[in-house]
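This is a predicted model, with the sequence first.
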Amino acid sequence: MTSPTPPQAPSPALGWLLAVPALLGTLISLVLPTVQTMWLSLQRGGVLSESTYVGFANYGRLLGEGEFWRAAWFTLTLVAVPLLVAVVVAPLLALALDRAGTWPRRAGRIALSLAVVTFSPVGVAAAWMRGLTQDAPGLAGLAEGLRDPASAPGTLRLIVAAGTFGVVCALAVMAFLPALRAGSVPQSLAGGPALSGGGVAPAMLVVGVVVAIATVAVGLQTFSIGLVLTRGGPERSTETLAGLQYDSAFRMAEFGPGASVATLTGMILGVLGIVATVVAAASRLSVTLTPRTAPGAAAGAPTAPGAPAGAPAVPGAVASAPAVGAGRGASPVGTAVGIVALVVFVAVALVCAWPWIDGVLASPGTEAGSLRAQVNTWVPAIGGAVVSVGVAYLAALGIGGLRPLGRGSEWLLVVFAPWLFVGPGPLGVANWQNMRNMGLIDSFLALFPPLLVSVPALFVLTLLCKGLAQRTDKDFFGGVFLPSLPMAGILAGAVALLNAQGLIWPLLVAQKPTLYTAPVAQMAQLGSFSVAAPDVGASTPLLVVAVALVAVMAAQLLYLDRLAITTNGSRPRVAAA
């Protein structure tokens with residue numbers, strides 16, 4: 001009796017073909033705007049006057065007068081507490097939830113989901129702005145410190161720390177939980193005893209490094225909260241890098257100095273992106289999807305050619321290996337510690353979010369929450385997410401799933417690495433100029449994010465496709481494409497939320513009130529004397545939060561809870577459960 005012919009993997013040439021759209025998207029929407037920004041940084045004028053080449057004069061003034069260093073230092077101080085939350089609080093909470101057992105861990109995932117879908121930087125800032133009124137409610141009264149140049153920097157740091165605590169901790173925990181499963185990945189999924197998942201400690205260390213770098217990179221682009229609360233004042237005491245760029249390029253109508261700030265910021269972000277990518281590739285980081293049921297003979301354990309059904313082909317891959325996540329029973333002490341940790345997290349998150357919660361409950365219905373503002377917000381956000389993540393997914397299937405360079409194919413991510421953490425801010429000057437040249441400023445089409453490929457989505461999806469390709473003997477469609485498709489949808493939803501809550505791009509391209517997104521309309525309300533109180537909940541309407549929460553909870557419990565992050569690689573084409 002002959003064994004069935006193993007499925008043939010598609011040609012690696014298809015992998016190169018699938019990566020072409022991402023390469024073109026990167027060239028058009030990332031590389032060219034980057035070069036354009038660098039060129040603009042060598043000029044003066046460009047908005048209200050003719051551009052003239054001045055060489056490195058903009059950099060000399062920016063660095064010599066200390067504007068850049070002052071803004072950079074203050075921006076870094078804003079990141080300090082969120083960084084501690086991400087690399088200290090989050091892994092401890094993840095460890096407690098992992099050891100607590102199934103239902104505390106899933107309850108924790110639900111609580112984390114709520115922190116993610118309700119986060120709105122402009123909404124948080126609008127809520128704290130209520131603290132500047134005479135009858136400021138409770139904790140929001142701390143915002144009084146924003147009036148004094150001496151106390152404003154420290155006050156803004158506290159507000160940023162409180163306003164971002166829940167979302168930073170939630171996202172970091174979601175990254176650490178799969179890493180804690182590295183030691184539980186059965187050898188039949190991790191590639192045999194010689195190259196198993198690499199253990200929990202290496203996986204946690206690599207994830208911790210990437211999370212720390214990502215937190216710093218995102219923090220360096222802080223814009224919305226600072227702009228709404230202080231606009232860099234008083235006396236420029238709270239000016240951030242993004243705020244300095246915005247002021248120089250758009251308030252002062254000088255593209256050159258603004259582009260200089262963008263170039264320096266982009267260089268720092270580029271280095272961080274390359275370092276994170278090299279760390280992931282060098283550690284042979286991969287993401288795998290663990291089975292719902294225990295792998296065994298009946299579940300399709302790997303067999304050697306000609307061997308009886310159920311005989312393991314990989315040494316150490318026993319026919320009755322426990323299901324991932326179920327092999328380590330939760331002790332009563334572990335469950336109690338996990339529950340206490342979750343309660344503490346929820347309590348701290350509620351205290352930190354109380355100004356926002358109170359603001360939402362007291363918010364009047366205004367134009368910022370109208371159907372028109374919601375359409376302006378969500379249609380471009382979702383459309384941009386579908387395009388950018390869709391293009392990234394094709395490339396991930398090619399690079400991670402088809403492995404065109406073999407074992408080291410993930411090193412191709414280095415090509416995209418300089419833009420791994422680059423948001424709309426550093427490329428905003430160049431992209432605004434391109435929109436103006438095309439005559440699209442103050443048009444609905446301009447609200448769509450000018451990004452054709454999401455590099456963070458490409459990074460995550462490539463590691464997932466890599467892990468799926470290495471652990472399965474199914475064909476490419478059933479073993480890589482179908483299991484990774486839900487993650488593409490999850491990331492598209494995450495990018496859509498990020499796009500919808502973003503302030504800088506719609507603020508640049510839409511000056512007509514009829515084109516305001518909800519965050520822009522909220523900000524406009526704060527400077528209007530015709531509105532008694534800001535509509536704090538305009539950017540997080542109840543219907544959107546409810547739909548997003550249901551979707552994120554389903555993703556957490558049905559898919560994300562099955563992910564495992566491993567290091568040190570695995571042998572390819574080993575059967576999955």
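Structure's in. What do you need?

ok, now which ones touch residue 400?
Counting by Cβ atoms under 8 Å, 6 or more residues apart in numbering, residue 400 touches 409-410, 461-466, 468-469. In this view, the C-beta of every residue, glycine as well, is placed from N, C-alpha and C.

and those, which of them are in helices?
In helices, judged by DSSP state H, the following of the contacts of residue 400 are found: 461-466, 468-469.

what's the distance between residue 331 and residue 337?
As defined by Cβ to Cβ, to the nearest Å, residue 331 lies at a distance of 9 Å from residue 337.

which of these two has more neighbours?
Comparing residue 331 with residue 337 by other Cβ atoms under 10 Å, the one with more neighbours is residue 337, at 18 against 12.

Can you check the pLDDT for the more buried one?
Per-residue pLDDT puts residue 337 at 95.

For the closest residue to it other than its chain neighbours, list the residues it contacts.
Nearest residue to residue 337 in three dimensions, chain neighbours excluded: residue 96, at 5.3 Å (Cβ to Cβ, 6 or more residues apart in numbering). Shown in contact with residue 96 (Cβ under 8 Å, 6+ apart): 337-338, 340-342.

List buried members of these by neighbour count.
When neighbours are counted using 16 or more other Cβ atoms under 10 Å, the contacts of residue 96 contain these buried positions: 337-338, 341-342.

Distance to residue 163 and secondary structure for those - can I get that in CSV?
Shown next, in CSV, are the buried ones among the contacts of residue 96 (distance: Cβ to Cβ, whole Å; DSSP: H, G, I helix; E, B strand; the rest coil):
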residue, distance to residue 163, secondary structure
337, 28, helix
338, 26, helix
341, 22, helix
342, 21, helix
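
Dump those to a markdown table, plus distance to residue 483.
Output for the buried ones among the contacts of residue 96, formatted as a markdown table (distance: Cβ to Cβ, whole Å):
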| residue | distance to residue 483 |
| --- | --- |
| 337 | 33 |
| 338 | 28 |
| 341 | 31 |
| 342 | 29 |
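
Find the nearest non-adjacent residue to residue 563, please.
The spatially closest residue to residue 563, leaving aside those adjacent along the chain, is residue 178, at 4.2 Å (Cβ to Cβ, 6+ apart).

hang on, that neighbour in a strand?
No. Membership of residue 178 in a strand is not supported by DSSP: H, G, I helix; E, B strand; the rest coil, which gives helix.

show me the contacts for it.
By Cβ under 8 Å, 6+ apart, the contact list for residue 178 reads 287, 560, 563-565.

go with 6 Å
Applying Cβ atoms under 6 Å, 6 or more residues apart in numbering to residue 178 gives the contacts 563-565.

any idea how far residue 442 is from the residue nearest to residue 337?
Distance from residue 96 to residue 442, by Cβ to Cβ: 51 Å.

Give me the residue ranges of this structure where confidence is low.
Across the chain, residues meeting the criterion (pLDDT under 70) sit at 1-9, 46-49, 134-137, 183-198, 293-329, 472-473, 528-532, 569-577.

Nearest to the spatial middle of it, which residue is it?
In the chain, the centroid-proximal residue (Cα atoms, centre = their mean) is residue 456; its distance is 6.8 Å.

Give the burial count for the nearest residue to it once chain neighbours are set aside, as a bare number.
Nearest non-adjacent residue to residue 456, counting by Cβ to Cβ, 6+ apart: residue 420, 6.3 Å away. Per other Cβ under 10 Å, the neighbour tally for residue 420 reads 25.

close enough to count as contact, residue 420 and residue 273?
Yes. At 3.4 Å, residue 420 counts as touching residue 273 under the criterion of Cβ atoms under 6 Å.

can you pull out the strands in the protein?
According to DSSP state E, the chain carries its strands in the segments 43-44, 52-53, 286-289, 563-566.

List of residues touching the third one?
In other words, strand 286-289. The set of residues external to strand 286-289 that reach it, using Cβ under 6 Å, 6+ apart, is 189, 463-464, 466-467, 471, 483, 562-566.

Residue 507 reaches residue 520, doesn't it?
Yes. Using Cβ under 6 Å, residue 507 is in contact with residue 520, at 5.4 Å.

sorry, back to before: adding neighbour count and distance to residue 277, write the contacts of residue 178 out as a markdown table.
A markdown table is the format used below for the contacts of residue 178 (neighbours: other Cβ atoms under 10 Å; distance: Cβ to Cβ, whole Å):
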| residue | neighbour count | distance to residue 277 |
| --- | --- | --- |
| 563 | 20 | 20 |
| 564 | 26 | 21 |
| 565 | 28 | 16 |
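
Going by distance to residue 552, which of those residues wins?
The nearest member of these to residue 552, counting by Cβ to Cβ, is residue 563 at 14.5 Å.

Residue 400 versus that closest one, what's the distance?
For residue 563 relative to residue 400 (Cβ to Cβ), the value is 14 Å.

Same question for residue 58.
Noted for residue 58: a distance of 41 Å to residue 400, by Cβ to Cβ.

repeat for residue 358
Taking Cβ to Cβ, one finds residue 358 at 45 Å from residue 400.

again, but for residue 406
12 Å.

Repeat that for residue 246.
From residue 246 over to residue 400 (counting by Cβ to Cβ), the distance is 37 Å.

so residue 43 makes contact with residue 51?
Yes. Counting by Cβ under 6 Å, residue 43 touches residue 51, with 4.6 Å between them.

More neighbours: the two, which one.
Remark: of residue 43 and residue 51, residue 43 carries more neighbours, 21 against 15, as counted by other Cβ under 10 Å.

what about residue 292, how many neighbours?
Look at residue 292: counted by other Cβ under 10 Å, it has 12 neighbours.

Next: residue 27.
Considering only other Cβ under 10 Å, residue 27 is surrounded by 12 other residues.

separation between it and residue 82?
Distance from residue 27 to residue 82, by Cβ to Cβ: 33 Å.

Quick one: residues contacting the residue nearest to residue 166 when sequence neighbours are not counted.
Nearest in space to residue 166, with sequence neighbours left out and distances taken as Cβ to Cβ, 6+ apart, is residue 115 at 3.5 Å. Applying Cβ under 6 Å, 6+ apart, we find residue 115 in contact with 166-167, 170.

Now tabulate those in CSV and tack on distance to residue 476 and neighbour count.
Shown next, in CSV, are the contacts of residue 115 (distance: Cβ to Cβ, whole Å; neighbours: other Cβ atoms under 10 Å):
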residue, distance to residue 476, neighbour count
166, 39, 25
167, 36, 22
170, 34, 23
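
Between these, which sits nearest residue 500?
Proximity to residue 500 was ranked across the contacts of residue 115 by Cβ to Cβ; first place goes to residue 167, at 14.2 Å.

Spit out the contact partners of the closest one.
115-116, 119.

next one: residue 551
The contact partners of residue 551, by Cβ under 6 Å, 6+ apart, come to none.

separation between it and residue 216?
Distance of residue 551 to residue 216, computed by Cβ to Cβ: 29 Å.
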